[in-house]
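**Student:** Give me coordinates for this.
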Amino acid sequence: MYRPNKLVILDRDGVINHDSDAFIKSLDEWVPYPSSIKAIARLSQAGWAVAVATNQSGIARGYYSEAVLEAIHERLRHLVHQAGGEIAHIAYCPHGPDDQCACRKPLPGLLEQIRQTLGLNTLTGSWMVGDSLRDLQAGKPLGCHPVLVRTGKGSSTEEKGEGLGNAEVFDDLAAFVDWLLASEERAT
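**Tutor:** Sure, this is the predicted structure:
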């Protein structure tokens, strides 16, 4: 069983891989940041569970299928495994912005799915890492520590500054992982 204070939840596009305003519609268009793959592996090796919570409205819009999405996620799992890590769960919302679902971030439905799948009573003390305000907002009602990365849409989110509250801000996922693991080491 996982411990919630040893869980990092990641947004996908803009955090793990390059983002695109035209959507990531194929395996060829999915280009991971090499430093993110290594960072996920480092978290796993240090005893952290890593999960992904990603809005994928391109499915509802007809831009790509769930089979394409699964191929992308299988590639992600494979790369992380090759680097010595593991992804505990990937939760995605296939709905569009007007579908009134309970899972699309900024709603906390995807994080609730992660909590249930991992058998956790709470997510309080977990980390929610994203490049947009809605990522951070999804974790807030569940007690997640918010982290903004400047990759993807993160720099423009930081420039707007609205709603960031007490979010930690880092250049990328690797910089956050460096900080988190160093903080953990100092605390022991």
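
**Student:** quick one: the nearest residue to residue 130 once chain neighbours are set aside and residue 119, what's the gap?
**Tutor:** Distance criterion C-beta to C-beta, 6 or more residues apart in numbering; nearest residue to residue 130, sequence neighbours excluded, is residue 11 at 3.9 Å. Where you see a C-beta, it was placed from the backbone N, CA and C, and this is true even at glycine. Residue 11 is 22 Å from residue 119, where distance means C-beta to C-beta, to the nearest Å.

**Student:** Just the CA trace of the longest helix seen in the chain, in PDB.
**Tutor:** Longest helix of the chain, by residue count under DSSP state H: helix 66-82. C-alpha atoms of helix 66-82 as PDB (Å, rounded to 0.1, in the frame of the first residue of the first chain):
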ATOM      1  CA  GLU A  66      -8.500   6.000 -26.600                       C
ATOM      2  CA  ALA A  67      -6.400   3.300 -28.400                       C
ATOM      3  CA  VAL A  68      -3.900   6.000 -29.500                       C
ATOM      4  CA  LEU A  69      -3.900   7.400 -25.900                       C
ATOM      5  CA  GLU A  70      -3.200   4.000 -24.500                       C
ATOM      6  CA  ALA A  71      -0.300   3.600 -26.900                       C
ATOM      7  CA  ILE A  72       1.100   6.900 -25.700                       C
ATOM      8  CA  HIS A  73       0.700   5.900 -22.100                       C
ATOM      9  CA  GLU A  74       2.300   2.400 -22.800                       C
ATOM     10  CA  ARG A  75       5.300   4.200 -24.300                       C
ATOM     11  CA  LEU A  76       5.500   6.500 -21.200                       C
ATOM     12  CA  ARG A  77       5.400   3.400 -18.900                       C
ATOM     13  CA  HIS A  78       8.000   1.700 -21.000                       C
ATOM     14  CA  LEU A  79      10.400   4.600 -21.000                       C
ATOM     15  CA  VAL A  80      10.000   5.100 -17.200                       C
ATOM     16  CA  HIS A  81      10.600   1.400 -16.600                       C
ATOM     17  CA  GLN A  82      13.700   1.400 -18.800                       C
END
